[in-house]
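A.B. asks: The following comprises the amino acid sequence and a computationally predicted model.
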Amino acid sequence: QVQLVESGGGLVQSGGSLRLSCATSQDTLDYYAIGWFRQAPGKEREGVSSISSHGDGYPYYAESVKGRFTISRDNAKKVVFLEMTKLKPEDTAVYYCAAGRFSLRTEHYSYWGQGTQVTVAS
């Protein structure tokens, strides 16, 4: 059974930073890419970043976050991180991690966490 548990969301001022965590199992990290997605009120869920399975993983970013967000994985802790810097009010959303194919498309992911709220105040 694939389980994903996000944490690390909160309220931050514009320009600030947050680090999100996605805790899972070693099997999940071995077999699936882990993606981060977000959904703002009234908007569709969109892909933010993904990291491929095995080893340190290969990162992939949406253009809107490239240069500001960094995805990484700690295999010993079985956690995937999303380090978010230079946050903007438009980054405000519920952030989800998911397990599936290496892409930023929601339909490529079969397993989802419960989400964590990120609010960026202007």
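C.D. replies: Good, I have the coordinates.

A.B. asks: now the residue most central in space within the chain: how far from Lys43?
C.D. replies: In the chain, the residue lying closest to the centroid (CA atoms, centre = their mean) is Trp36, at 2.5 Å. Distance of Trp36 to Lys43, computed by CB to CB, to the nearest Å: 16 Å. The way it works is simple: take the backbone N, C-alpha and C, and place the C-beta from them, glycine included.

A.B. asks: For the residue nearest to the centre of the chain, what are phi and psi?
C.D. replies: Dihedral pair for Trp36: phi -110, psi 130, per degrees, to the nearest 10.

A.B. asks: What residue, apart from its backbone neighbours, is nearest Gly113 spatially?
C.D. replies: Leu4 (3.8 Å; CB to CB, 6 or more residues apart in numbering).

A.B. asks: and the one you found, how many residues sit next to it?
C.D. replies: 21 (other CB atoms under 10 Å).

A.B. asks: got the contact list for it?
C.D. replies: Leu4 sits next to Cys22, Ala23, Thr24, Thr28, Ile34, Cys97, Ala98, Ala99, Tyr111, Trp112, Gly113 when contact means CB atoms under 8 Å, 6 or more residues apart in numbering.

A.B. asks: go on, Lys86?
C.D. replies: Neighbours of Lys86 in contact, by CB under 8 Å, 6+ apart: Gly15, Ser17, Arg68.

A.B. asks: tell me which of the residues you listed is nearest to Ser50?
C.D. replies: Minimum separation from Ser50 among the contacts of Lys86 (CB to CB) is found for Arg68, which lies at 15.8 Å.

A.B. asks: Local confidence estimate at that closest one?
C.D. replies: Looking at Arg68, its pLDDT is 98.

A.B. asks: part of a helix, is Glu107?
C.D. replies: Yes. Counting by DSSP: H, G, I helix; E, B strand; the rest coil, Glu107 is found in a helix.
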